[in-house]
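**Q** Structure, please.
(4 chains)
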There are 2 protein chains.
Amino acid sequence: MPDPSNPTNRVMDVLNFLAAHPTERFSLAEIARHVGLSNGSAHRLLTTMAARRFLARHERHRTYSLGLALVAIGQAAIEQHRGIDIARRELARLALELGVQCSANALVDGEIVVLAREGTARSQLGLTRVGERRPLLPPVGLCHVAWSGPAAIDTYLAAARPHLDDALFGRLAEAIALVRRRGFAIAAKGLRAALGHDATWLPVDQVRDAAYWNAVFAMIGQLSPGEIQAFDLAEAAAAGVSHISAPVFAPSGSVAFQLVMSGLPSDLTAGQIAGHVERLCATAAQITSETHGRAPD
Amino acid sequence: MPDPSNPTNRVMDVLNFLAAHPTERFSLAEIARHVGLSNGSAHRLLTTMAARRFLARHERHRTYSLGLALVAIGQAAIEQHRGIDIARRELARLALELGVQCSANALVDGEIVVLAREGTARSQLGLTRVGERRPLLPPVGLCHVAWSGPAAIDTYLAAARPHLDDALFGRLAEAIALVRRRGFAIAAKGLRAALGHDATWLPVDQVRDAAYWNAVFAMIGQLSPGEIQAFDLAEAAAAGVSHISAPVFAPSGSVAFQLVMSGLPSDLTAGQIAGHVERLCATAAQITSETHGRAPD
DNA sequence: TCCATTCATTCCAATAATGGAATAAAACTT
DNA sequence: AAGTTTTATTCCATTATTGGAATGAATGGA
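**A** As a prediction, the model looks like this:
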């Protein structure tokens, strides 16, 4: 692996930054600051991209946003990833039949990126929008990590370590092995559920400044054991289910993306929860199969 | 305008190339050749992009295609361009009510890129797929050119000049002024229609080698006057309508994208054609209005 | 309305990316 | 199965890009 190409990364940084804030528009200076570019470089970069409609320039406010060329490229990308289409269809069916919210997300560049969402959320909180990005931190993303190599697992654990006490950290480490063993992840609701907050709620779509990270880390520090992972379904039934997730594998054996079911009714029995888990896992397995994926050894 | 940033353009070249062939996958060497890169540069570029999932690498065949990150970016781009969503909805309605095929396309990087398509085609030919790219050459793209500055118009005319005889070329030049005056473009069917070919048919989704361009230029040389532009609707009614198109304007006064209606029944009267034109223009105007666009002075 | 501040744009010395050759690894052919 | 061609990857001197300062334009506040 050769040293990465910086100019190339800069282009992707700009695109990622703009995609992470799909409703906003940014000036040259703002983009330069957030992406870590000098004004001069940002100027050439942005004008070059705007000239080819990868970015749209809004003359009136001198701001930039994602351009029309990316609409077409995104559509072309979907054609390459039939699994996304299948996931949309199947998740919509699940959402309708079970009255839950379903989504699919991938790990991109160390962040969780929402690829699809079906079903309407019960609450505003935990609402995911396609294109949104969240940090890869507990309690989310276990399915992405559990089938990765030791290096990725260590990175995940190391990021969470400073914010968890020993007991919770141990549970997280165990959870990874457990998730891989049983083939899905399930998190219970925790203390915050009483406040109308779901643990999957993380500040989103805002600039990742110190205040943002403080809020995220504070949330992680307050997790209850069950929010990290429910070790059996009875535990989940007692506290209520926060979310269930299952992996879709690529042909290479890595996790292509994960399916997430959330917004479940709070009065489910352990048996009903098992049914939901079964449905989600079956859907994930079906997509894995239809896209010629396979789980790693 | 500063000299463009080459490293940035290379990234966009790769993305455009892969997006132009959404069903295929390419090796490093193929991409390097088509985009005009050295193997060394291509190697670093592709591995850098694949590392961040902008490209998907298929280990088995050592090929690359568009990655999952672009799915999310494409979705985010759609959020910025509400017009695309509105166009989808309205074009679907038009397609259903009139029994025609409708699409939207934008000018990206000197090429026509299909952004949306609604309604099923009557024939396989002229079938457009979202993400597809076609050269900006007569008889398509008049709406993109007609509201542009003299420079863009000259470029368009110059590209067509070598392949048209004097009479046809004069008609094309006139057509641009006419389209701008009346606010839409309409092309009749020509000789090729009898063979089941529409003039909008152009080789697509294949590598742009010499054979490709020969086929394209040969097609242009065989255009009939009405295929370039029907100067009145009676002319269109007599030969049958190939396609109608109307521009959607951006706030800046430039053409954001154009709407195209094709696959019309061949037995329409001039009055019925006028009705179709009216519907398409009204839709375009509505989208222009809803997205705060305006026609240039 | 004027001033201060922020922002966009240009320019040049310092620096990092690039092209092309060389090497190694596949893939294909005979 | 061995030879031959194509492909992927590494390396280094050449060359083009970059960061930062300076300028000019525009915005917001008093």
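**Q** How about A:Thr23, nearest residue that isn't a chain neighbour?
**A** B:Glu79 (6.5 Å; Cβ to Cβ, 6 or more residues apart in numbering or on different chains). Where you see a C-beta, it was placed from the backbone N, CA and C, and this is true even at glycine.
**Q** Mind giving me the packing neighbours of the helix or strand hosting the one you found?
**A** For B:Glu79, the element it lies in under DSSP states H and E is helix B:68-80. Secondary-structure packing of helix B:68-80 (3 or more Cβ pairs under 8 Å, 6 or more residues apart in numbering or on different chains; DSSP states H and E): helix A:6-20, strand A:63-66, helix A:68-80, strand A:101-108, strand A:111-118.
**Q** closest to DNA strand D out of those?
**A** Checking the helices and strands packed on helix B:68-80 against DNA strand D by Cβ to the nearest atom of the strand gives helix A:6-20 as the closest, at 4.1 Å.
**Q** wait, what's in contact with A:Thr288?
**A** Residues near A:Thr288 by Cβ atoms under 8 Å, 6 or more residues apart in numbering or on different chains: A:Val248, A:Phe249, A:Ala256, A:Arg294, A:Ala295.
**Q** what do you get for A:Ala236?
**A** By Cβ under 8 Å, 6+ apart, A:Ala236 lies in contact with A:Ile186, A:Ala187, A:Ala188, A:Gly226, A:Ala230, A:Ala270, A:Ile273.
**Q** Also A:Ala92?
**A** So A:Ala92 contacts A:Cys102, A:Glu118, A:Gly119 (Cβ under 8 Å, 6+ apart).
**Q** what mean pLDDT does the helix or strand hosting it have?
**A** Counting by DSSP H and E, the element that carries A:Ala92 is helix A:82-98. For helix A:82-98, mean pLDDT is 94.
**Q** What score does the residue in the stretch 51-200 of chain A positioned nearest to DNA strand D have for pLDDT?
**A** Across the stretch 51-200 of chain A, the shortest distance to DNA strand D (Cβ to the nearest atom of the strand) belongs to A:Arg62, at 7.3 Å. Note on A:Arg62: pLDDT of 88.
**Q** How about it, nearest residue that isn't a chain neighbour?
**A** A:Ser27 (5.9 Å).
**Q** With A:Phe257 instead?
**A** Counting by Cβ to Cβ, 6+ apart, the residue nearest A:Phe257 is A:Ala106, at 4.1 Å.
**Q** bridging residues for the one you found?
**A** A:Val113 (DSSP bridges).
**Q** Compare the helices and strands packed on helix B:68-80 and report which one is nearest to B:Asn9.
**A** Between B:Asn9 and the helices and strands packed on helix B:68-80, the shortest gap by Cβ to Cβ is with helix A:6-20, which sits at 9.6 Å.
**Q** Could you list the buried residues of the closest one?
**A** For helix A:6-20, a neighbour-count test (16 or more other Cβ atoms under 10 Å in any protein chain shown) marks A:7-20 as buried.
**Q** Surely A:His34 touches A:Phe17?
**A** Yes. Using Cβ atoms under 8 Å, A:His34 is in contact with A:Phe17, at 5.5 Å.
**Q** can you list residues touching both of the two?
**A** A:Phe26.
**Q** All the strands of the stretch 151-297 of chain A, in order from the start?
**A** A:185-188, A:241-249, A:255-262 (DSSP state E, counting those that start in this stretch).
**Q** dump the residue contacts of the spatially most central residue of chain A.
**A** For chain A, the residue nearest the mean C-alpha position is A:Ile112 (3.0 Å; Cα atoms, centre = their mean). Residues in contact with A:Ile112 (Cβ under 8 Å, 6+ apart) are A:Asn105, A:Ala106, A:Arg133, A:Arg134, A:Pro135, A:Leu136, A:Val140, A:Gly141, A:His144.
**Q** So what's the residue count around A:Gly185?
**A** For residue A:185 the amino acid is Ala, not Gly. Neighbourhood size, A:Ala185 [other Cβ atoms under 10 Å in any protein chain shown]: 29.
**Q** What's opposite it in the beta bridge?
**A** The partner residues for A:Ala185, given DSSP bridges, come to A:Ser245.
**Q** Tell me, how many residues neighbour the closest residue to A:Glu290 other than its chain neighbours?
**A** Nearest-residue entry for A:Glu290: A:Ile86, 5.8 Å, with adjacent residues in sequence omitted and distances by Cβ to Cβ, 6+ apart. For A:Ile86, the neighbour count with other Cβ under 10 Å is 16.
**Q** Next, format the strands of the stretch 151-297 of chain A as JSON lines and append distance to A:His43 and mean pLDDT.
**A** JSON lines is the format used below for the strands of the stretch 151-297 of chain A (distance: least, Cβ to Cβ, whole Å; pLDDT from 0 to 100):
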{"stretch": "strand A:185-188", "distance to A:His43": "45", "mean pLDDT": "95"}
{"stretch": "strand A:241-249", "distance to A:His43": "41", "mean pLDDT": "95"}
{"stretch": "strand A:255-262", "distance to A:His43": "36", "mean pLDDT": "95"}
